[in-house]
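Chemist: Okay, predicted coordinates and the sequence, questions at the end:
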Amino acid sequence: MKQKTLIVYASKTGINSDVAHTMAEVLETTYDMDVTIADLHDGQPDIAPFQNIIVGGGVDRKSVYPEAVDFLAKDFSGKKVALYFSCEDYETPKEQNTEENTKKALAKNPSLKPVDVAAFGGCVAIEGKPGMDNSNMNRAKDWTMEFGKKVGAQVRPPKQVYRIRKEPVVELHVDLIPAAEMPPASELTEGFFELWCDLGGKFRFHLKAGNGEIIAASQGYATKDGAVNGIASIKRNASMAMVIDQTAAKT
Ligand SMILES: Cc1cc2nc3c(=O)[nH]c(=O)nc-3n(C[C@H](O)[C@H](O)[C@H](O)COP(=O)(O)O)c2cc1C
């Protein structure tokens, strides 16, 4: 069954929000999973429809953002919950710090057992203000892939690419030989087309055998180009054309 995952975050300067969106993209493209993102500044979303919930938040002067702490007070029975902190602890987050942040995040729900906890680094504060950007989306992406595996999400099959095989269109050039330069009969043994203009101004052609007998006669074309295209079409297609026998009933 398609799993539903909620990614909910608390963010002041946007890093935890960026991470949430990156995670959603990874989950939706890698797994057959519906993902909903919610910003806790807009209120607490209903968790009922979701099997998995990822909660993210920053840290401000050793306190996990309170919106995340309040959200985590909910009853998550039967759901798989994971936490992430995009804070100062980047690249090699001190385990102890991540552990401390987890404790703080779960201050109102200490019995909750997250399936995983991670810190990805964030925007490092310099003199109390957001400074160097140490967010690491690649770590967040790898963690998200692992999260999908952990919750047993079905890997999305790779998209099928259908190629439509198209035969190359062979441009067939028809050389027009002026009647005055008509080759001798010895060079026309395989037959030839004869193109002319009738008294009504219509362009027509005959397909003739090497001995000059008419094998096929065309319709009248309004233009010379039309008649030449008719000749090209016969040259291109006639060898493959089916023969429909309308005489069968009479013989
Ligand atoms: C005033 C201030 C205090 C901070 N205090 C901490 C802290 O005590 N521990 C920590 O790991 N990160 C701390 N940070 C870093 C933030 O958690 C980090 O900038 C985070 O990426 C912000 O996330 P956000 O953009 O989603 O709000 C602090 C940042 C600021 C600006």
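Modeler: Received, thanks. Numbering: from 1, shown residues only.

Chemist: Helices of this structure, start to end?
Modeler: Here the chain has its helices, by DSSP state H, at 15-30, 66-71, 95-105, 137-150, 224-237.

Chemist: check contacts around the spatially closest residue to V59 that is not a sequence neighbour.
Modeler: The spatial neighbour of V59 that comes closest, neighbours along the chain excluded (Cβ to Cβ, 6 or more residues apart in numbering), is C87 at 3.8 Å. Using the backbone N, CA and C atoms, a C-beta is placed for each residue, glycine as well. Under the criterion of Cβ atoms under 8 Å, 6 or more residues apart in numbering, the neighbours of C87 are 58-59, 101, 119, 121-122.

Chemist: what's the closest of these to E194?
Modeler: G121 (82.8 Å; Cβ to Cβ).

Chemist: ok, now how distant is that closest one from T98?
Modeler: Applying Cβ to Cβ, to the nearest Å, the value for G121 to T98 is 11 Å.

Chemist: which pair in the contacts of C87 spans the largest distance?
Modeler: Pairwise distances among those were taken by Cβ to Cβ; the largest, 12.8 Å, belongs to N101 and G121.

Chemist: Just the closest residue of this protein to the ligand, please.
Modeler: Taking Cβ to the nearest ligand atom as the measure, the chain has G122 as its residue closest to the ligand, at 2.0 Å.

Chemist: OK, contacts around the closest residue to that residue other than its chain neighbours?
Modeler: Nearest in space to G122, with sequence neighbours left out and distances taken as Cβ to Cβ, 6+ apart, is S86 at 3.8 Å. Contact partners of S86, counting by Cβ under 8 Å, 6+ apart, are 15-16, 19, 56, 58, 119-122, 135, 140.

Chemist: could you redo the last one with a cut-off of 7 Å?
Modeler: Taking Cβ atoms under 7 Å, 6 or more residues apart in numbering, we find S86 in contact with 15-16, 19, 56, 58, 120-122, 135.

Chemist: could I have stretch 178-189 exported to PDB, CA atoms only?
Modeler: Presented in PDB, the C-alpha positions along stretch 178-189 are these (Å, rounded to 0.1, in the frame of the first residue of the first chain):
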ATOM      1  CA  PRO A 178      13.800  16.400 -71.100                       C
ATOM      2  CA  ALA A 179      12.000  14.600 -73.900                       C
ATOM      3  CA  ALA A 180      14.600  15.800 -76.400                       C
ATOM      4  CA  GLU A 181      17.200  13.900 -74.400                       C
ATOM      5  CA  MET A 182      15.300  10.600 -74.100                       C
ATOM      6  CA  PRO A 183      17.700   7.700 -73.800                       C
ATOM      7  CA  PRO A 184      17.700   5.000 -76.500                       C
ATOM      8  CA  ALA A 185      15.300   2.000 -76.000                       C
ATOM      9  CA  SER A 186      18.300  -0.200 -75.000                       C
ATOM     10  CA  GLU A 187      18.500   1.900 -71.800                       C
ATOM     11  CA  LEU A 188      14.800   1.800 -71.000                       C
ATOM     12  CA  THR A 189      14.400  -2.000 -70.600                       C
END
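
Chemist: who's in contact with that stretch?
Modeler: Taking Cβ under 7 Å, 6+ apart as the rule, stretch 178-189 contacts G210.
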